[in-house]
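*Asks:* okay, predicted coordinates and the sequence, questions at the end:
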Amino acid sequence: MPVTYKCWEILKNRIIEFKPEFVLGIGVGIGINRVKIEMIGLNYKHSKIPDKEGTIFSMEKINESQDLSYETQIDVLAFVDSLRKKGIPAEISLNAGTYVCNYVYYNCLQYFLDKDAKTLFIHIPASPKEAIESNLNVATFPTSLIANEIFNTLNKTQALSKPL
């Protein structure tokens, strides 16, 4: 997905088209040193840097008529424990920030409130390749290893999920 505030409309159209039971969002958190399982989407958009189209927001609500936050239906503690047991440094993050990732996550959580579907957002460290190509001196982790363990853990979703 493009890193723009318009990406929610793109994702929503795909959700309507495909009617998935689960939507997983993954974003790269430059500078983080572990996988962050996002528990809550906040009803705020605030950006220190513009998105890829130059859009910037300063402490605006995403939707004035909706709740301040929504929580994922996935048992994030069990998810984190499962990743740690596989050697993936992971932690619970109480919210996905206020940039594009949170914007998409909040909207997705709100969209699924009355539907039989779930969503989760995960921030991952930059890959070694991204750090090298961007000439960044940041913590990295191999994306393929993270992806494999995330998907293995998701295969156990029934055991990790709270009831709808």
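*Replies:* Yes, it's here.

*Asks:* SS state for the spatially most central residue of the chain?
*Replies:* Compute the mean C-alpha point of the chain, and by Cα atoms, centre = their mean the closest residue is residue 121, 2.2 Å away. Following DSSP: H, G, I helix; E, B strand; the rest coil, residue 121 is assigned to strand.

*Asks:* in terms of helices and strands, where is residue 110?
*Replies:* helix 100-111 (DSSP states H and E).

*Asks:* how far away is the residue nearest to the centre of the chain from residue 92?
*Replies:* Per Cβ to Cβ, to the nearest Å, residue 121 is found 12 Å from residue 92. Placement of C-beta: from N, CA and C, glycine included.

*Asks:* check residue 154 too.
*Replies:* Taken as Cβ to Cβ, the span from residue 154 to residue 92 is 16 Å.

*Asks:* helices of the chain, start to end?
*Replies:* 7-18, 76-85, 100-111, 128-133, 143-154, 157-160 (DSSP state H).

*Asks:* residue 109 contacts residue 71, correct?
*Replies:* Yes - the criterion here is Cβ atoms under 8 Å, and residue 109 meets it with residue 71 at 7.4 Å.

*Asks:* give me the more crowded residue out of those two.
*Replies:* residue 109 (25 against 14; other Cβ atoms under 10 Å).
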